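[1] Predicted model and sequence below, questions to follow.
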Amino acid sequence: MSVAERIDSFQRKHPATGFPLAVVYKFVDDQGAYLAALMAYYAFISLFPLLLLFSTVLGIVLADNPDLQERIIDSALSQIPVIGDQLGEPDQLSGGATAITIGVLGSLYGGLGVAVAAQNAMNTVWAVPRNERPDPIRARGRGLLLLSTVGTAVIGLTVINGFAAAIDLGTDGRLLALVGSVVLNTAVFVIAFRIGTARAVTIREVLPGALAAAVGWQVLQTFGSVYVQHVIGNASATNGVFAVVLGLLAFLYIAAIMIVMCLEFNAVRVNKLFPRSLLTPFTDNVHLTAGDEAAYSAQAQAQRSKGFQDIAVTFDNPADGGDVEDRSDTRPDA
């Protein structure tokens, strides 16, 4: 018996050990890297107009309190530390009515793009049939709801960070602020994961992935701070611009990858899509597991475009405890 066969046999006998592999294989099946790239693209083009709009509105509302205005902007920018200090000054982003117009149009286009891309990713991960997904108008209406959760998170995190900065509680205070940020982010991800998919999912079903995403977001912020300190901080003025752009793109793409992986984590756990055959992505000469058949069946049925279309998924040799060689045969019946 080869090494691959021994590993495959072990994970079949101990399904829990095959769970991480099943998450990775589900990510590959769903083309998760492309889903994440689309989210990162829209996030990138919407970020700067959104900052422009955010700082301009603050400049109008808090015109008599520049210190509070600066603290709020710094708190918001701290969520994406790769941007660096060069965008941290309010007067560099303000521009009156023109800035508001550009900011509204740019942030609305990009923000709705992010929301729609996120919904597409969630519906793909949960294998929601195409005819059950929101139409373009409803998808953007739901996207506005998704964006509101992000805005609520920024406000909440600003309050937490401002409280921690105003009252110096030492290590305990910083730890409390960190825990508060993780809890708030977890709540936001739970809401987003439920709103973003057309499938009815419960809090219990999405909570593990939401918690993992919240923790991962905190880790990414630490990575961004290190990047700013050691790369952007030591770069020249010209190179610093490229360092900011490339660093921001990398930050957003890694964040999108992390979110998609957390979604896959939830889907694999809830739908019992594990264990998977070790070599199933590479060859047809494998013994499929029940997890393989469930994953391939859901993937085929997700292509249903009309309610009166039936998609039946059969396998030549049905899985029997993972000991029988199976093949996938999708037969649409319209």
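    Good, I have the coordinates.
[2] ok now do D30, which residues does it touch?
    124-125, 260, 264, 299 (C-beta atoms under 8 Å, 6 or more residues apart in numbering). Placement of C-beta: from N, CA and C, glycine included.
[3] how close does it get to P134?
    Applying C-beta to C-beta, to the nearest Å, the value for D30 to P134 is 19 Å.
[4] Just the ones of the contacts of D30 in helices?
    Among the contacts of D30, the members found in helices (DSSP state H) are 124-125, 260, 264, 299.
[5] got the domain boundaries for this protein?
    3-18+277-333, 31-271 (automatic domain parsing).
[6] returning to what we had before: which of the ones in helices among the contacts of D30 sit farthest apart?
    The largest separation in those, counting by C-beta to C-beta, is between V260 and Q299 at 15.6 Å.
[7] pLDDT below threshold where in this structure?
    Along the chain, the parts satisfying pLDDT under 70 run over 52-62, 68-69, 71-80, 82-100, 102-103, 151-173, 225, 227-241, 317-334.
[8] Quick check, G216 in contact with V260.
    No: in this structure, G216 is not within contact of V260 by C-beta atoms under 8 Å, at 11.4 Å.
[9] Let's see if you can find the most crowded of the contacts of D30.
    V125 (29 neighbours; other C-beta atoms under 10 Å).
[10] so the nearest residue to K306 once chain neighbours are set aside, which of the three states?
    For K306, ignoring the flanking residues on the chain, the nearest one in space by C-beta to C-beta, 6 or more residues apart in numbering is N131 at 5.4 Å. Put simply, N131 is helix when judged by DSSP: H, G, I helix; E, B strand; the rest coil.
[11] residues near N131, how many?
    N131 has 12 nearby residues by other C-beta under 10 Å.
[12] residue contacts, it?
    304-307, 309.
[13] show me where the protein has helices.
    Counting by DSSP H, one finds helices in the chain at the ranges 3-13, 19-29, 32-61, 66-77, 96-125, 136-166, 170-195, 203-227, 237-271, 290-301.
[14] Nearest to D284, out of the ones you listed?
    Of all the helices of the chain, helix 290-301 comes closest under C-beta to C-beta, at 11.6 Å.
[15] Just the CA atoms of that closest one, as CSV, please.
    Extracted in CSV, the C-alpha atoms of helix 290-301 (Å, rounded to 0.1, in the frame of the first residue of the first chain):
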residue,chain,number,x,y,z
ALA,A,290,-20.1,9.9,0.8
GLY,A,291,-18.6,13.3,1.3
ASP,A,292,-17.4,13.4,-2.3
GLU,A,293,-20.8,12.3,-3.7
ALA,A,294,-22.6,15.0,-1.5
ALA,A,295,-20.2,17.7,-2.7
TYR,A,296,-20.4,16.8,-6.4
SER,A,297,-24.2,16.4,-6.2
ALA,A,298,-24.7,19.8,-4.6
GLN,A,299,-22.3,21.4,-7.1
ALA,A,300,-24.3,20.0,-10.1
GLN,A,301,-27.7,20.9,-8.6
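[16] can you pull the contacts of the spatially closest residue to A22 that is not a sequence neighbour?
    Leaving aside its sequence neighbours, A22 sits nearest to F274 (C-beta to C-beta, 6+ apart; 3.5 Å). Neighbour list for F274: 15, 18-19, 21-23, 268, 291 [criterion: C-beta under 8 Å, 6+ apart].
[17] How about the contacts made by the closest residue to V215 other than its chain neighbours?
    The shortest distance from V215 to any non-neighbouring residue, by C-beta to C-beta, 6+ apart, is to V182 (6.3 Å). If you count contacts by C-beta under 8 Å, 6+ apart, V182 has them with 211, 214-215, 218.
[18] For those, pick the one with the most neighbours.
    Among those, A214 has the most neighbours (other C-beta under 10 Å), with 20 neighbours.
[19] show me what contacts it?
    So A214 contacts 182-183, 185-186, 188-189 (C-beta under 8 Å, 6+ apart).
[20] Return the closest of those with respect to A40.
    Distance ranking of these against A40, using C-beta to C-beta, places F189 first at 17.1 Å.
[21] The residue nearest to that closest one when sequence neighbours are not counted: neighbouring residues, count only.
    The shortest distance from F189 to any non-neighbouring residue, by C-beta to C-beta, 6+ apart, is to A210 (3.6 Å). A210 has 25 neighbours, counted by other C-beta under 10 Å.
[22] what separates A210 from T149, distance-wise?
    A210 is 12 Å from T149, by C-beta to C-beta.
[23] can you check Q299 too?
    29 Å.
[24] Likewise for G209?
    Taking C-beta to C-beta, one finds G209 at 16 Å from T149.
[25] So those two - more neighbours on which side?
    Higher neighbour count among G209 and T149: G209, with 25 against 17, using other C-beta under 10 Å.
[26] show me the residues around that one that make contact.
    Going by C-beta under 8 Å, 6+ apart, G209 touches 189, 193, 262-263, 265-266.
[27] and with 6 Å instead?
    262, 265-266 (C-beta atoms under 6 Å, 6 or more residues apart in numbering).
[28] same question, P275
    Residues counted as contacts of P275 (C-beta under 6 Å, 6+ apart) are 11-12, 15, 18, 289, 291.
[29] so G113 makes contact with F44?
    No: counting by C-beta atoms under 6 Å, G113 stays clear of F44, with 10.1 Å between them.
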